[in-house]
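A.B. asks: this one's structure only:
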């Protein structure tokens, strides 16, 4: 019986209760920190996904605007050829680079 009793796990009485409490609190703190970190990473991944969607939409809009500008330039050139020079009220035109 003593041999079976010696093989069982047991806590030595020399281990202070404060040490057990500190290890327990540290373990709980690490689990809490990991859960918070996981939630923050999940939020950032979702934000990055939506940002990529916005980037694709902006690129599409830029292409559309460039196409519209080139179309308007061709229309203006055709009108200038047909009717001569047309004067605009506002001569400043901002062109995308």
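C.D. replies: Cool, the structure landed. It should be emphasised that the depicted structure is a prediction, and the values quoted were computed from it without experimental measurement.

A.B. asks: where do the helices sit along this protein?
C.D. replies: All helices of the chain, identified by DSSP state H, fall at 2-7, 17-83.

A.B. asks: Deepest-packed of these, please.
C.D. replies: helix 17-83 (a mean of 10; mean count of other CB atoms under 10 Å). Every C-beta, even on glycine, is put in place using the N, C-alpha and C of the backbone.

A.B. asks: State the distance from residue 82 to residue 71.
C.D. replies: Noted for residue 82: a distance of 17 Å to residue 71, by CB to CB, to the nearest Å.

A.B. asks: any chance of the helices of the chain in CSV, plus mean pLDDT?
C.D. replies: Listed next are these as CSV, based on pLDDT from 0 to 100:
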stretch, mean pLDDT
helix 2-7, 63
helix 17-83, 91
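
A.B. asks: Tell me which residue lies nearest the centroid of the chain.
C.D. replies: residue 48 (2.3 Å; CA atoms, centre = their mean).

A.B. asks: quick one, what contacts it?
C.D. replies: Residue 48 makes no contacts at all, as judged by CB atoms under 8 Å, 6 or more residues apart in numbering.
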